[in-house]
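>>> no FASTA, just this:
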């Protein structure tokens, strides 16, 4: 298969000379011809009769092909035949029992109706547009491709096996027509149409939709520069491969707003088309979450000085940021969070006072269901308990204190040692 842009000249046929008489085989058919159509070539031979001409045509399947031999003027005889099979035919021509020079000839049949062109997509100004042409079943020949009557250059990449990839880059926003010919015959379906839009006129605001809550309306703005008509379509695809209803309101002058409400957790795909072409920045993926699906295990009753642990499960809540803070009497308590895999976390802390501890848990800044939780902390009657916020942190230059409870005996039996950065010990009795 040869490919080029524009029209080409037909193949020429050589003049042959036989023994005793000057003989010429005329016409393109002796080189190539269309299958499924009446084809013919002429034999010019002086001083011979019709009975002196013998022709044998053999198909690619090795079957003889019938033909008709008629007079077509003085000393000219026409051989006409019809075939349906694509491929190489062997044509043997003899005059008065003598083969003409060059016989047998190889004539190749083609069928432009077997050319297949992939769906031609809509294009975008300044971006390559591609489609495929499959001539693998059409036989040998020349493929001619013209876009907008040759105004738009195109590039043909041969893929092998009679297939090629055609690409062009439109520079104006208008309908582009594609004409394809094979051996001079127009391919079925021509002209093909590529609608080209200038999507650089369209701008979107989507960044705020990276994380959005389920069951709440989400919206974004679309602006189109300049006047003229604008055919906008907005599609939102869910994780379950369905599409959500989208309401688009506004105008070219005032701008457009698209609004939808996600109903399931997971990645949603937003696609915006302008005049049937995808706008830059889409498809855009927004992640939908549900803070109500964050689960918190039962909180056990805590004891001073002993680690208290519970589980937070965000595996069904979607993607996002989990925040956990624990406080007692308005003071923050150091907290340990240990990932368990699959968005499950073990949370632990050590209470220092026998008071209720408040546990605040939020997911993407939204409080989870039941937050704030309350952890009950009690003192162990069989142990001396030391409690107070100053055991964790205290300010320089200010009086600090903590409490010692469940002490048997007198104050003289208590010894306290406080060690600072200077390694100095202070004792109180």
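Nice, thanks for sending it over. All values reported here derive from a predicted model rather than from experimental measurement.
>>> remind me which residues of the stretch 201-350 of the chain are low pLDDT?
For the stretch 201-350 of the chain, applying pLDDT under 70 flags the ranges 226-230.
>>> swap the cut-off to 80 and go again
226-231, 275-276 (pLDDT under 80).
>>> which residue is the nearest non-sequential neighbour of residue 107?
residue 89 (4.7 Å; Cβ to Cβ, 6 or more residues apart in numbering). Just so you know, the C-beta spots here come from the backbone N, C-alpha and C atoms, and that holds for glycine as well.
>>> per-residue confidence at that neighbour?
For residue 89, the model assigns a pLDDT of 95.
>>> that one is in what secondary structure piece?
For residue 89, the enclosing helix or strand under DSSP states H and E is strand 87-95.
>>> equivalent analysis for residue 109, please.
Applying DSSP H and E as the criterion places residue 109 in strand 105-110.
>>> list the contacts of the residue nearest to residue 107.
57, 58, 59, 60, 65, 83, 106, 107, 108, 109 (Cβ atoms under 8 Å, 6 or more residues apart in numbering).
>>> wait, the last one sits on residue 29?
It stands for residue 109. No - taking contacts as Cβ atoms under 8 Å, residue 109 lies outside contact range of residue 29: 9.6 Å.
>>> which of those two has more neighbours?
In this view residue 109 and residue 29 are compared by other Cβ atoms under 10 Å, and residue 109 has more residues nearby, 25 against 22.
>>> C-terminal to the strand holding residue 109, what's the next element?
Sequence order places strand 116-117 as the next helix or strand after strand 105-110, per DSSP H and E.
>>> what's the span of stretch 324-333, first residue to last?
Stretch 324-333 stretches 11 Å from its first residue to its last (Cα to Cα, to the nearest Å).
>>> go on, stretch 155-168?
OK, stretch 155-168 end separation, Cα to Cα: 6 Å.
>>> over to stretch 355-375?
9 Å.
>>> average model confidence for it?
94.
>>> can you point out the buried residues in that stretch?
357, 358, 359, 361, 362, 363, 364, 366, 368, 371, 375 (16 or more other Cβ atoms under 10 Å).
>>> contact partners of it?
211, 213, 289, 291-292, 294, 296, 299, 301-302, 308, 310, 312, 314, 317, 320-329, 333, 349, 351, 376-377.
>>> returning to what we had before: so which of the buried residues of stretch 355-375 are in strands?
357, 358, 359, 361, 362, 363, 366, 375 (DSSP state E).
>>> and the closest residue to residue 174 other than its chain neighbours, what are its bridge partners?
Spatial nearest neighbour of residue 174, excluding adjacent residues (Cβ to Cβ, 6+ apart): residue 196 at 6.1 Å. Here residue 196 sits in beta bridges with residue 123, going by DSSP bridges.
>>> okay, residue 196: pLDDT?
87.
>>> what does residue 56 give?
Value for residue 56, per-residue pLDDT: 94.
>>> tell me who's in contact with it.
64, 90, 91, 92.
>>> is it true that the second one touches residue 103?
No - in terms of Cβ under 8 Å, residue 90 does not count as a neighbour of residue 103; the distance is 9.6 Å.
>>> of the two, which one has the most company?
Counted by other Cβ under 10 Å, residue 90 and residue 103 do not tie: residue 103 has more neighbours, with 20 against 16.
>>> can you tell me the closest non-neighbouring residue to that one?
Nearest to residue 103 is residue 93, by Cβ to Cβ, 6+ apart, at 4.8 Å.
>>> and the one you found, how many residues sit next to it?
Residue 93 has 25 nearby residues by other Cβ under 10 Å.
>>> with the one 4 residues further on instead?
Residue crowding around residue 97 was assessed by other Cβ under 10 Å; the count is 8.
>>> how about the nearest residue to it, chain neighbours excluded?
Per Cβ to Cβ, 6+ apart, closest to residue 97 is residue 54, 7.5 Å.
>>> that neighbour and residue 99 touch, don't they?
No - contact criterion Cβ under 8 Å: residue 54 and residue 99 do not qualify, at 9.2 Å.
>>> need the overlap of contacts for those two.
92, 93.
>>> residues touching the spatially most central residue of the chain, list them.
For the chain, the residue sitting closest to the mean C-alpha position, by Cα atoms, centre = their mean, is residue 283 at 8.0 Å. Applying Cβ under 8 Å, 6+ apart to residue 283 gives the contacts 269, 270, 271.
>>> ok so, going back, any of the contacts of stretch 355-375 buried? List them.
Looks like these have 213, 289, 291-292, 294, 296, 302, 308, 310, 312, 314, 317, 320, 322, 324, 326, 328, 333, 349, 351, 377 buried, using 16+ other Cβ under 10 Å.
>>> starting at the chain centroid, how far to stretch 141-154?
29 Å (Cα atoms, centre = their mean, to the nearest Å).
>>> now the residue nearest to the centre of the chain: how far from residue 234?
11 Å (Cβ to Cβ, to the nearest Å).
>>> which residues do those two both contact?
Between them, residue 283 and residue 234 share the contacting residues 270, 271, judged by Cβ under 8 Å, 6+ apart.
>>> follow-up on the earlier one: now the contacts of residue 89 in TSV, with distance to residue 181?
TSV is the format used below for those (distance: Cβ to Cβ, whole Å):
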residue	distance to residue 181
57	27
58	29
59	26
60	24
65	26
83	21
106	23
107	20
108	17
109	17
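>>> just the buried ones from those residues, in PyMOL syntax?
In PyMOL, a selection of the buried entries from the contacts of residue 89 looks like this (16+ other Cβ under 10 Å):
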select buried, resi 57+59+65+83+107+108+109
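>>> residues touching the residue nearest to residue 174, list them.
Contacts of residue 196 (Cβ under 8 Å, 6+ apart): 122, 123, 124, 125, 129, 170, 172, 173, 174, 175, 176, 277.
>>> which ones among these are found in helices?
When helices are assigned by DSSP state H, not one member of the contacts of residue 196 lies inside them.
>>> now render those as CSV, adding distance to residue 393 and neighbour count.
As requested, those are exported to CSV (distance: Cβ to Cβ, whole Å; neighbours: other Cβ atoms under 10 Å):
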residue, distance to residue 393, neighbour count
122, 64, 17
123, 65, 23
124, 60, 22
125, 63, 17
129, 65, 22
170, 67, 22
172, 69, 11
173, 66, 18
174, 71, 13
175, 73, 11
176, 72, 21
277, 60, 23
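>>> quick one: which of those sit in strands?
Using DSSP E, those in strands are 123, 124, 129, 175, 176, 277.
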